[in-house]
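Peer 1: What follows is a predicted protein model with its sequence.
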There are 4 protein chains.
Amino acid sequence: MPLTPEQLAEIEEARSEPRQTLRATAPGMEAHLYTAHPVLDHGLVRVIDYMGDDGAITQAARVSYGRGTKSVSNDEGLIRYLMRHWHSTPFEMCEVKFHVKLPVFVARQWIRHRTANVNEYSARYSILDREFYIPAPDQLAAQSTVNNQGRGAVLEGAEAARVLDLLREDAMRSYDHYEGMLSQDGQQGLARELARMNLPANIYTQWYWKIDLHNLFHFLRLRADAHAQYEIRVYAEAMCEIVKDWVPLAYGAFEDYRLGAVQLSGKGAEALRRRLAGEVVTQESSGMSKGEWREFVAEWG
Amino acid sequence: MPLTPEQLAEIEEARSEPRQTLRATAPGMEAHLYTAHPVLDHGLVRVIDYMGDDGAITQAARVSYGRGTKSVSNDEGLIRYLMRHWHSTPFEMCEVKFHVKLPVFVARQWIRHRTANVNEYSARYSILDREFYIPAPDQLAAQSTVNNQGRGAVLEGAEAARVLDLLREDAMRSYDHYEGMLSQDGQQGLARELARMNLPANIYTQWYWKIDLHNLFHFLRLRADAHAQYEIRVYAEAMCEIVKDWVPLAYGAFEDYRLGAVQLSGKGAEALRRRLAGEVVTQESSGMSKGEWREFVAEWG
Amino acid sequence: MPLTPEQLAEIEEARSEPRQTLRATAPGMEAHLYTAHPVLDHGLVRVIDYMGDDGAITQAARVSYGRGTKSVSNDEGLIRYLMRHWHSTPFEMCEVKFHVKLPVFVARQWIRHRTANVNEYSARYSILDREFYIPAPDQLAAQSTVNNQGRGAVLEGAEAARVLDLLREDAMRSYDHYEGMLSQDGQQGLARELARMNLPANIYTQWYWKIDLHNLFHFLRLRADAHAQYEIRVYAEAMCEIVKDWVPLAYGAFEDYRLGAVQLSGKGAEALRRRLAGEVVTQESSGMSKGEWREFVAEWG
Amino acid sequence: MPLTPEQLAEIEEARSEPRQTLRATAPGMEAHLYTAHPVLDHGLVRVIDYMGDDGAITQAARVSYGRGTKSVSNDEGLIRYLMRHWHSTPFEMCEVKFHVKLPVFVARQWIRHRTANVNEYSARYSILDREFYIPAPDQLAAQSTVNNQGRGAVLEGAEAARVLDLLREDAMRSYDHYEGMLSQDGQQGLARELARMNLPANIYTQWYWKIDLHNLFHFLRLRADAHAQYEIRVYAEAMCEIVKDWVPLAYGAFEDYRLGAVQLSGKGAEALRRRLAGEVVTQESSGMSKGEWREFVAEWG
């Protein structure tokens, strides 16, 4: 993710001019503004703007004329209560806008979260850069044998090398042909909106992505999860670090009640109650299917 | 809308502490922050927070590392182009949060706009204030005789006085009974979530309402329109004045391409083309229904 | 909820004309179509239309040309898997449209669920009926002393009678005045859009409400919950019975994984693990706040 | 788009079993159910399910117990009125579910319409088919010289042949390597979620896409427009033909008030008024920018 000198200069210029505002500010977030956090081999996440802080959540929950509570410790208690009892609207009162650079196949997963605003770089209008995601060797994994949508062991020696060569060569060749088709040197030059169809899904795209804190937490819970594909999880993890600095109280509640939470089905809760009462519970006596029981045992032993 | 001294002090305190930020700021909007704009007899609109300015629109449209364009005049041209060609996502990149105090029957219309975030003061949890909307005499209008959902002439003398008396007395009596049912003085006291059902639709409620600029424009186009009910239109008009100070270029484009725009049906456009060619067009030869023709003539003579 | 003879005739007519279709049909749901399920004293829920059945969920999950799975038992396993792992989009592939008659204060809670389509009877355009919700004596509850937004004991004798009298009298008087203001008998007659403001929040309104199954389950989880206000919970319960007949497999999974599920925070899960290992856990050693610990003990003893 | 014999048999089976229903049915839509409409070289659109008909729109607008109006001609008048006056909610009361097979670069444009439900075939979970979009010669266009996001003249002879060869060869080679990386023959086999990144954007994907009629009209207005990219426009046009058979009255209103409508800015309307009064209007005297004036003249001469 080497930014060009021009891009670095633009970022530096944006960071060099503090302005006065009467709005709520989050000092932890000001430190992140505009700065690029590298993700994967050429990707990035950076904060373009934000609205609100922890206090904005309690202020909205109270529909206040001024601050929502008298103190930070009151804010924390109320925020944890709101999160625990699934009150979503106060968390919607904070908003954040990111600039993200990411491979197209990651963008295709990402965009399925519909409650966000998006402006993507247009390959109809502009020419994409020659930047492709090539996995690091420790992420070059075999198909999982137990999970149809997951990864197993890391590929070994010759196979790994073969795969990396194919990915690199196909990416370069596709891009050469993309440029060749676009060229107006001695020919008409294919329309951009057509030429782009030759580019593989590991090419990088970029977008501005704006979302409220409630929906961001929902995104992070699904995408920072161990079952999410590694290539999107690293973006979610980078954003978790940023959100922690932005709204530390809300993030703490999110960690305890969502990220680290355990969901028990009615049958699962019943099985635990019986265990706590000293009973030995088996799959048969639990009423769970094999799949459910396997997941239950993985969590509770 | 007389704010209490405590509320005024809270507002003053919030306005007295400028902070430093690296985010985009809109000076015209800073002047509005927290200040209450009175609407109707006890209502208000005030800006709690905002994200972005005119430059944020072009910056997102370009997916830029720094500013979107080189100059304000470039910003204007691009913003007008985006508005004219129905590009909505760049306008979604600005966000605003209002505190609104409004009669319940207005709130019921307002909430039909679903693409916004809302935190309403809870009458399940809290006790509402004794504040009711009573129309000013010049807004006390008769049912329209031509439009089932509209107003006609202003009510005259005795009838107007009768209506105002009824509205005032019923409001006061309902509120007396609301307080009486809630009271725990010598009785158990009815639950708040039940007692509130006795209150009429002209009681005031309040909420925090957060929306992006694209959806706000959509709201304003419908609600600042001459066909909107007066009691919601005055809120929309107050917000128009605020938005004009926040994003003057975007608001100018909105005025020209939306608020002041005229929509022609296929048949209407055809009729105008024939007129421009010197032809006399009648309802019959236009292919329009009577209702359409009436609306067409009202616009074009 | 006495339907008029005209309304009953309209319902009967609609139910008397079976048509042929190639679409998926749910026999359990056909039996509900158009029929009014009474709720509260004058309310109702009835199914106007539906799209899809249990098979439509697996068909969409598989993006199939024909049916999604080979058998009902495969459908069940896949549906339970999808629900357990928070796959929401296949459940969005079923849709239902209800006609609901409900008090305005219930409608105001209900409408906060934004991911639905709504057409409400317009009191700007039409005149509302003289129908008000008056609680049954066993629902006339005092304010809870432990929960700011809840009910406590049922009101006793004289107080209950006083409250019922007030609610009834204020409703009737408000409606009399509403009619009086609207009347064009010897006067101009106030506009409907204004006269309605005199009506209290227990008057009945009605709407068509259309929603997909995923979002309906979300609504039902929150509103069929013991903490929901009784007056909206009875609507949610009536809809639960209907959904059970419509998509029995999906409803079964919803019951086990959502309605009957128990959510454990990270700290709660840790406390249970320690208990299962034989340890005695206290509030202090759990790291939970008093409120959290109280809720934990209420669930787990 | 040659369907396999298995797929054709599944479609035939689905079409062979008419069932009885009490729901509203649209005979014109029944004829389309399940049948595949070919689009582009390997794509398709087919109707999987629908809810409602023209009568469902007026029924919802009236919040009726039975039908909304007494006759089809009343339906038509009301539907045209609702469309003309931007009443959107009655049109949301109809819903349709499509199965669409489309190139990935088209899918990426399509998904930007967020108010729809989508289930896409998962390349994390399954292996994609060897099917790629290769433009027909008459769609192989050069970059427009006047519009950054558009096409100009069709490519000629040798250049066209070169482009088609590149697109075909790169697609086949990428797919060969995709298969090679996935293979578990003598090697571990790369995870599907990784191997897919090698596939270009002209590979076909498929999804179930469900949307209400109001939002579908919005999609069709933008995507059946002459400025939309050809490859998505042909899908929109195929759906227009289907919708015309489903809700002919609503589609007729949509054609007149949206598809065939002309939007005039405030300045544009003023210029037309002056022309109708016999005045000669120039760009300078119109107050329009050069771009606006060019578009105005293109429409009005």
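Peer 2: Good, I have the coordinates. Residues are numbered from 1 along each chain as shown, chains lettered A, B, ... in the order given.
Peer 1: how many other residues sit next to the closest residue to A:Gln139 other than its chain neighbours?
Peer 2: Residue nearest to A:Gln139 in three dimensions, not counting chain neighbours: A:Tyr230, with 5.9 Å by Cβ to Cβ, 6 or more residues apart in numbering or on different chains. Using the backbone N, CA and C atoms, a C-beta is placed for each residue, glycine as well. Burial of A:Tyr230 is recorded as 18 neighbouring residues (other Cβ atoms under 10 Å in any protein chain shown).
Peer 1: where does A:Tyr230 land on pLDDT?
Peer 2: Looking at A:Tyr230, its pLDDT is 97.
Peer 1: And for A:Gly291?
Peer 2: 89.
Peer 1: Does the helix or strand hosting it reach chain C?
Peer 2: Of the helices and strands defined by DSSP states H and E, A:Gly291 is found in helix A:290-300. Yes: counting by Cβ under 8 Å from any Cβ of the partner chain, chain C has neighbours in helix A:290-300: A:291-292, A:295, A:300.
Peer 1: Give the other helices and strands that the top helix by length along chain A contacts.
Peer 2: Longest helix in chain A, counting residues (DSSP state H): helix A:157-182. Other elements packing on helix A:157-182 under the criterion 3 or more Cβ pairs under 8 Å, 6 or more residues apart in numbering or on different chains; DSSP states H and E are helix A:192-195, helix D:157-182.
Peer 1: Determine which stretch of those helices is the most buried.
Peer 2: Counting by mean count of other Cβ atoms under 10 Å in any protein chain shown, helix A:192-195 has the highest mean neighbour count of the helices and strands packed on helix A:157-182, with a mean of 24.
Peer 1: does any bit of that one sit next to chain B?
Peer 2: No: shown here: helix A:192-195 not in contact with chain B (Cβ under 8 Å from any Cβ), separated by at least 15.6 Å.
Peer 1: Tell me which other helices or strands that helix touches.
Peer 2: Checked by 3+ Cβ pairs under 8 Å, 6+ apart, helix A:192-195 has helix A:157-182 packed alongside it.
Peer 1: Output the helices and strands packed on helix A:157-182 in TSV, with distance to B:Val45 and mean pLDDT appended to each entry.
Peer 2: Output for these, formatted as TSV (distance: least, Cβ to Cβ, whole Å; pLDDT from 0 to 100):
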stretch	distance to B:Val45	mean pLDDT
helix A:192-195	44	96
helix D:157-182	56	97
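Peer 1: would you list the ones you listed in a markdown table and tack on distance to C:Gln139?
Peer 2: Formatted as a markdown table, those follow (distance: least, Cβ to Cβ, whole Å):
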| stretch | distance to C:Gln139 |
| --- | --- |
| helix A:192-195 | 62 |
| helix D:157-182 | 62 |
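Peer 1: Can you say which of the ones you listed is nearest to B:Met172?
Peer 2: For these, distance to B:Met172 was read as Cβ to Cβ. The smallest value, 66.2 Å, belongs to helix A:192-195.
Peer 1: Show me what the closest one is in contact with.
Peer 2: Contact partners of helix A:192-195, identified using Cβ atoms under 8 Å, 6 or more residues apart in numbering or on different chains, comprise A:123-127, A:178, A:181-182, D:135, D:140-141, D:143, D:149-151, D:229.
Peer 1: In strands, which of these appear?
Peer 2: Cross-referencing the contacts of helix A:192-195 against strands under DSSP state E gives D:141, D:143, D:151.
Peer 1: Count residues in the vicinity of A:Gly77, would you?
Peer 2: 17.
Peer 1: Show me the shaky parts of chain A.
Peer 2: A:1 (pLDDT under 70).
Peer 1: Swap in 80 and give it another go.
Peer 2: A:1-2, A:68-70, A:148 (pLDDT under 80).
Peer 1: residue boundaries of the strands in it?
Peer 2: With DSSP E, the ranges of strands along chain A come out as A:19-21, A:37-39, A:43-51, A:95-103, A:117-120, A:141-143, A:151-154, A:204-212, A:262-264.
Peer 1: now the ones you listed in JSON lines, with distance to chain D and mean neighbour count?
Peer 2: JSON lines is the format used below for the strands of chain A (distance: least, Cβ to the nearest Cβ, whole Å; neighbours: other Cβ atoms under 10 Å in any protein chain shown):
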{"stretch": "strand A:19-21", "distance to chain D": "31", "mean neighbour count": "16"}
{"stretch": "strand A:37-39", "distance to chain D": "16", "mean neighbour count": "19"}
{"stretch": "strand A:43-51", "distance to chain D": "13", "mean neighbour count": "24"}
{"stretch": "strand A:95-103", "distance to chain D": "7", "mean neighbour count": "24"}
{"stretch": "strand A:117-120", "distance to chain D": "7", "mean neighbour count": "22"}
{"stretch": "strand A:141-143", "distance to chain D": "4", "mean neighbour count": "20"}
{"stretch": "strand A:151-154", "distance to chain D": "4", "mean neighbour count": "15"}
{"stretch": "strand A:204-212", "distance to chain D": "9", "mean neighbour count": "24"}
{"stretch": "strand A:262-264", "distance to chain D": "23", "mean neighbour count": "19"}
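Peer 1: Nearest to B:Val281, out of these?
Peer 2: strand A:117-120 (43.4 Å).
Peer 1: In the stretch 151-300 of chain A, which residue sits nearest chain B?
Peer 2: A:Tyr208 (4.5 Å; Cβ to the nearest Cβ).
Peer 1: who does that residue bridge with?
Peer 2: Note on A:Tyr208: beta-bridge partners by DSSP bridges are A:His99, A:Asn119.
Peer 1: Quick one: residues contacting it.
Peer 2: A:48, A:97-100, A:117-119, B:59-60, B:63, B:93.
Peer 1: So which of these is the closest to D:Lys70?
Peer 2: Distances from D:Lys70 to the contacts of A:Tyr208, taken as Cβ to Cβ, are shortest for A:Asn117 (44.5 Å).
Peer 1: And stretch A:134-153, what's buried?
Peer 2: Under the neighbour-count criterion of 16 or more other Cβ atoms under 10 Å in any protein chain shown, stretch A:134-153 has A:134-135, A:139-143, A:149-151 buried.
Peer 1: Tell me which residues are up against it.
Peer 2: Stretch A:134-153 has contacts (Cβ under 8 Å, 6+ apart) with A:41, A:154-155, A:160, A:163-164, A:167-168, A:171, A:202, A:227, A:230-231, D:122, D:124-126, D:182, D:184, D:188-194.
Peer 1: burial measure for A:Met239, as a count.
Peer 2: Applying other Cβ under 10 Å, I find that A:Met239 has 25 neighbouring residues.
Peer 1: where's it relative to B:Ala136, distance?
Peer 2: Separation of A:Met239 from B:Ala136 (Cβ to Cβ, to the nearest Å): 51 Å.
Peer 1: Please apply the same query to A:Trp293.
Peer 2: Applying Cβ to Cβ to A:Trp293 and B:Ala136 gives a distance of 69 Å.
Peer 1: cool, A:Val100 as well?
Peer 2: 51 Å.
Peer 1: What number of residues are in the vicinity of the nearest residue to A:Gly301 once chain neighbours are set aside?
Peer 2: Excluding its sequence neighbours, the residue lying closest to A:Gly301 (Cβ to Cβ, 6+ apart) is C:Leu276, at 7.8 Å. Using other Cβ under 10 Å, C:Leu276 has 13 other residues around it.
Peer 1: Return the backbone torsion pair for the residue of chain A positioned farthest from its centre.
Peer 2: What lies farthest from the middle of chain A is A:Gly186; by Cα atoms, centre = their mean that is 44.1 Å. With angles defined as degrees, to the nearest 10, A:Gly186 sits at phi 80, psi 10.
Peer 1: and the residue lying closest to A:Tyr121 once chain neighbours are set aside, how many residues sit next to it?
Peer 2: Closest residue in space to A:Tyr121, ignoring its immediate chain neighbours: B:Val63 at 4.5 Å, by Cβ to Cβ, 6+ apart. As a burial measure, B:Val63 scores 20 neighbours (other Cβ under 10 Å).
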